[in-house]
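Asker: Quick one: sequence plus predicted model below, questions after.
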Amino acid sequence: MTGSTLALILLGTPALAAGTHGGGHHDEMDAGKPGDVSAVSRTVEISMSETDDGQMLFNPAELQVAEGETIRFTISNTGEIEHEFVLDSHHKNMEHKAIMAKFPEMEHDDPNAIRLMEGTSGEIIWTFSKTGTFEFACLIPGHYESGMKGDITVAAK
């Protein structure tokens, strides 16, 4: 096989990736892991919006869940601009926020995040396998600073 034939074969093979920023995420993350739809114990509706005075918010902005609980997050962008929902530890969200500041149009393909244009909705199914306090946030530059963050407390069973 010649080098050019090998190059054509490799170029014709699709690349598989687990994310779009630096190697993707493993199954288990700080805040838990992607959930199985058959294990969903409840659905939590979250809306994302902004106010006339510039505040950006999630409603609700606080949640309590039990360790091991699998939640279907139904997320709606009821605002007038694009928002995202990223579920992780505060520390990991701050790392991600710093990257977003450098690359604001970065696309996500992570099981713990969804980016929605105004008037659209989507869902994330998540299993909270660890106790502690975690965070959901919009990491589009300026949104977090405008109040777009919330806390999830995961209590032991």
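Answerer: Received the coordinates, thanks.

Asker: For the spatially most central residue of the chain, grab phi and psi.
Answerer: Residue closest to the average C-alpha location in the chain (C-alpha atoms, centre = their mean): A113, at 1.6 Å. Phi and psi for A113, reported as degrees, to the nearest 10, are phi -140, psi 150.

Asker: OK, contacts around it?
Answerer: By C-beta atoms under 8 Å, 6 or more residues apart in numbering, the residues touching A113 are E84, F85, V86, L87, I124. Just so you know, the C-beta spots here come from the backbone N, C-alpha and C atoms, and that holds for glycine as well.

Asker: Partner strands of the helix or strand where Q64 lies, with direction?
Answerer: Q64 belongs to strand 62-66 when assigned by DSSP states H and E. If you go by DSSP bridges, strand 62-66 pairs up with strand 149-155 (parallel).

Asker: Buried ones in the partner strand, by neighbour count?
Answerer: Using 16 or more other C-beta atoms under 10 Å as the test for burial, strand 149-155 gives K149, G150, I152, V154.

Asker: Determine how far that strand lies from the middle of the whole chain.
Answerer: 14 Å (C-alpha atoms, centre = their mean, to the nearest Å).

Asker: what does that strand rub up against?
Answerer: Under C-beta under 8 Å, 6+ apart, the answer for strand 149-155 is 31-32, 58, 60-67, 69, 87, 93, 128, 130-138.

Asker: pLDDT and neighbour count added to the contacts of A113, as TSV?
Answerer: Formatted as TSV, the contacts of A113 follow (pLDDT from 0 to 100; neighbours: other C-beta atoms under 10 Å):
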residue	pLDDT	neighbour count
E84	95	20
F85	97	24
V86	96	25
L87	97	26
I124	97	22
